[in-house]
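# have a look at this prediction, sequence included:
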Amino acid sequence: MNYYTYAYLREDGTPYYIGKGTGTRAFYKYNSVVSAPLNKDRIIFLKQNLTEEDAFRHEIYLISVLGRKDLGTGILRNRTDGGEGTSGKVFTEDYRRKLSEASKRQDKSYLKGENNPACRPEIRAKISASVKEYYRTHERTEAQKNNKPKGGGVKGRVQPPDEKAKQIAAQTGMKRKPHTKEAKQKMREAALRRYGKLP
């Protein structure tokens, strides 16, 4: 497998995370510490076509040079010195069985039904208020302001009853042609690009 090292950049161009991966790994880094930037132009590949060992070494080197914020030694949000990971590790059947048994023993009742904190009315009200407050106090970006549907949009427009009846009559019994394989492939690629799964 061909491994690479990559960096996530802040808006000012300085790196905030260094990682190692293969395939589309650089585009999917989601955890409580760091997320991939929404702007894919701020993901850069530092070295490519490396062995896993070389990629680990390069990751460790870069983290040591740029330093970690949590240790007060630098600018990166990495929480480790790099060089760890389980890619390619083969787990024994005994180890897999133990993991499975441990998972089954865990009490997950606290996440079910009314026990789930997100289902409680007071928590839902807090979440709702928080989201509303965010949108009330945050200025929309230029991209958000300009992101309007073609034709100026229809928000707030009341459709006259006769126009609505015509629209329903025109669509009643309408049979659509199935998409061709080429059209399906184009739609699939567009969706993957939209969600960052294709560069």
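Yep, that arrived.

# going forward, measure contacts and count neighbours with C-alpha atoms only.
Will do.

# what's the nearest residue to Asn78 if we skip its chain neighbours?
Spatial nearest neighbour of Asn78, excluding adjacent residues (C-alpha to C-alpha, 6 or more residues apart in numbering): Tyr17 at 5.8 Å.

# secondary structure element for the most far-flung residue of the chain relative to its centre?
In terms of distance from the mean C-alpha position of the chain, Asp162 ranks first, at 43.8 Å (C-alpha atoms, centre = their mean). Counting by DSSP states H and E, the element that carries Asp162 is helix 161-171.

# tell me the mean pLDDT for that helix?
For helix 161-171, mean pLDDT is 80.

# can you check stretch 131-147 too?
Stretch 131-147 comes out at a mean pLDDT of 69.

# likewise stretch 11-23?
For stretch 11-23, mean pLDDT is 91.

# in this structure Arg77 contacts Thr14, no?
No. Applying C-alpha atoms under 8 Å as the test, Arg77 and Thr14 come out as separate, 11.8 Å apart.

# so these two - more neighbours on which side?
Remark: of Arg77 and Thr14, Arg77 carries more neighbours, 18 against 13, as counted by other C-alpha atoms under 10 Å.

# for that one, what are its contacts?
16-17, 33-34, 68-70 (C-alpha atoms under 8 Å, 6 or more residues apart in numbering).

# many thanks, have a good one.
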